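Student: Following is a predicted model, sequence given first.
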Amino acid sequence: MSSKAVSAAYATRLGDNALVLGQRLIELVAASPELEEELANANFSLDYIGQARMFYTYAGECEGAGRTEDDFAFLRPEHEYHNLLLVEQPNGHFGDSTVRAVLFESWYVLLLEALTRCADEGLAAIAERAVKEVRYHLRHSSQWLIRLGDGTEESHVRAQASLDNLWRFTGEMFVADELDGVMLNEFEGPDLAAIETQWRKNVAAIVAEARLELPGDQWMASGGKQGKHTEHFGFLLAEMQYLQRAYPGAEW
Amino acid sequence: MYESDQILEWLSQVPDPEIPVLTITDLGIVRDVDCSNGVTVSLTPTYSGCPATEAIEASVVAALEDRGVSDVRIKRVLSPAWTTDWITEDGRKKLRVYGIAPPERRDRPVACPRCDSSNTEVVSEFGSTACKASYRCVDCLEPFEYFKCL
């Protein structure tokens, strides 16, 4: 793999995480429990879509085949998306979305911090921009988890169930594949083993403050980075891509 | 051939589309003007998903074309990332007069833009745009927006 191809593939993968989570949050627009939360959610979604645009634009430049951000977002089939399974999980109830955000953003912040120091200047620049936003998101999502876990009996029980249910999607965040290895060894990129140690510590602290139980070791789902998705993903993509599929090249 | 000072002077009249009391130079997003081959303006986006990014780029091109500069290019610079520290002192004053509390350093309290009291509280960390939070003054009861520190 040439170094440009590595950059393109890695940027696409990061763009996929950001776009898919951004699309999930768009599904929540006008469904938040209160107005302030509505604004927060819409802002998060905008940040993620914005990050996806930067990653895809950069991937297109590195690839050099003339693909635009829109081509990446709207014209690729399911198996060409290499996002984590966690971000494609349905919104569920507010506790589910909150737990998903805490688990993903705790990882994403560490990954972006590491990327700001990598040898790929394009990725480092995007990471520098994005990490500031995601730190803010994580502060918000972890505060909510603490309120839910340490709230009423009902909110506690439901937040614990969300945590137990989504935990199995956290394993693949730390399983380095070939591309992760190249990023680490040739581009001084993120070290997923080091990130796992820090992630466990940070998540354990939030979960403890929320008076929730950390789930034990268990079977972990994987496949996102290889394009093998959970059953929910096709529906998300179908809705997101509908317009471009039905009216190819449509613009406004 | 144009002088970059002249171009900057023209750019300092281009308003931000979301907070029109501020110009793009008040915001500190104009990073460089290069007049060596046509005119290349380097801009740094504020937030990744800021919907104003494209509008700002278009208004820069329009502002320069209105003054007869035909060969305008926009360069997006991501690094170093934009920070609210780049908002000029003049820009901060304009924000306050407009009713938006300008960004403060972490250890400093947010002052009410109406009565200047520091006795204020957060209503929500999120406001009408990605860059603002909602606050309330406990003394004069004014609800106001705070331009978040980034």
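Tutor: Ah, there it is. Residues are numbered from 1 along each chain as shown, chains lettered A, B, ... in the order given.

Student: Please make it C-alpha for all contacts and neighbour counts, starting now.
Tutor: Will do.

Student: count of neighbours near the residue in chain A positioned nearest to chain B?
Tutor: Of the residues in chain A, the one nearest chain B is A:G50, at a distance of 3.7 Å by C-alpha to the nearest C-alpha. A count of neighbours around A:G50, defined by other C-alpha atoms under 10 Å in any protein chain shown, yields 22.

Student: So it is in contact with B:G49, correct?
Tutor: Yes: the pair A:G50 and B:G49 qualifies as a contact (C-alpha atoms under 8 Å) at a distance of 3.7 Å.

Student: quick one: buried residues of stretch A:220-228?
Tutor: Neighbour-count burial for stretch A:220-228, counted by 16 or more other C-alpha atoms under 10 Å in any protein chain shown, picks out A:221-222, A:224-225, A:227-228.

Student: no wait, stretch A:53-73
Tutor: With burial defined by 16+ other C-alpha under 10 Å, the residues of stretch A:53-73 counted as buried are A:53-63, A:69, A:72-73.

Student: And for stretch A:130-149?
Tutor: Buried positions in stretch A:130-149, judged by neighbour count with 16+ other C-alpha under 10 Å: A:130-135, A:137-138, A:140-149.

Student: How about stretch A:73-86?
Tutor: Of the residues in stretch A:73-86, A:73-74, A:78, A:80-86 count as buried by neighbour count, 16+ other C-alpha under 10 Å.

Student: For that stretch, output the C-alpha coordinates as PDB.
Tutor: Coordinates of the C-alpha atoms in stretch A:73-86 are reproduced here as PDB (Å, rounded to 0.1, in the frame of the first residue of the first chain):
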ATOM      1  CA  ALA A  73     -21.200   9.500   1.600                       C
ATOM      2  CA  PHE A  74     -23.900   8.700  -0.900                       C
ATOM      3  CA  LEU A  75     -22.500   6.300  -3.500                       C
ATOM      4  CA  ARG A  76     -20.800   3.500  -1.600                       C
ATOM      5  CA  PRO A  77     -22.600   0.300  -0.700                       C
ATOM      6  CA  GLU A  78     -22.800  -1.100   2.900                       C
ATOM      7  CA  HIS A  79     -19.700  -3.300   2.800                       C
ATOM      8  CA  GLU A  80     -17.400  -0.400   1.700                       C
ATOM      9  CA  TYR A  81     -18.300   1.400   5.000                       C
ATOM     10  CA  HIS A  82     -15.700   0.600   7.600                       C
ATOM     11  CA  ASN A  83     -17.200   2.300  10.700                       C
ATOM     12  CA  LEU A  84     -17.300   0.800  14.100                       C
ATOM     13  CA  LEU A  85     -20.500  -1.300  14.900                       C
ATOM     14  CA  LEU A  86     -21.100   0.800  18.000                       C
END
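
Student: Could you see whether chain B lies near that stretch?
Tutor: No: on the criterion C-alpha under 8 Å from any C-alpha of the partner chain, stretch A:73-86 is out of touch with chain B, staying 15.3 Å away.

Student: Can you name the residues of the stretch 101-250 of chain A that neighbour chain B?
Tutor: Looking at chain B, the residues of the stretch 101-250 of chain A close enough under C-alpha under 8 Å from any C-alpha are A:125-126, A:128-130, A:132-133.

Student: low-confidence ranges in chain B?
Tutor: For chain B, the stretches with pLDDT under 70 are B:106.

Student: Where does it get nearest to chain A, residue-wise?
Tutor: Nearest residue of chain B to chain A (C-alpha to the nearest C-alpha) works out as B:G49 at 3.7 Å.

Student: if we can go back for a sec, Serialize the buried residues of stretch A:53-73 to CSV and add fields for pLDDT and secondary structure.
Tutor: Shown next, in CSV, are the buried residues of stretch A:53-73 (pLDDT from 0 to 100; DSSP: H, G, I helix; E, B strand; the rest coil):
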residue, pLDDT, secondary structure
A:R53, 96, helix
A:M54, 96, helix
A:F55, 98, helix
A:Y56, 98, helix
A:T57, 96, helix
A:Y58, 97, helix
A:A59, 98, helix
A:G60, 98, helix
A:E61, 96, helix
A:C62, 97, helix
A:E63, 97, helix
A:E69, 95, helix
A:F72, 97, helix
A:A73, 97, helix
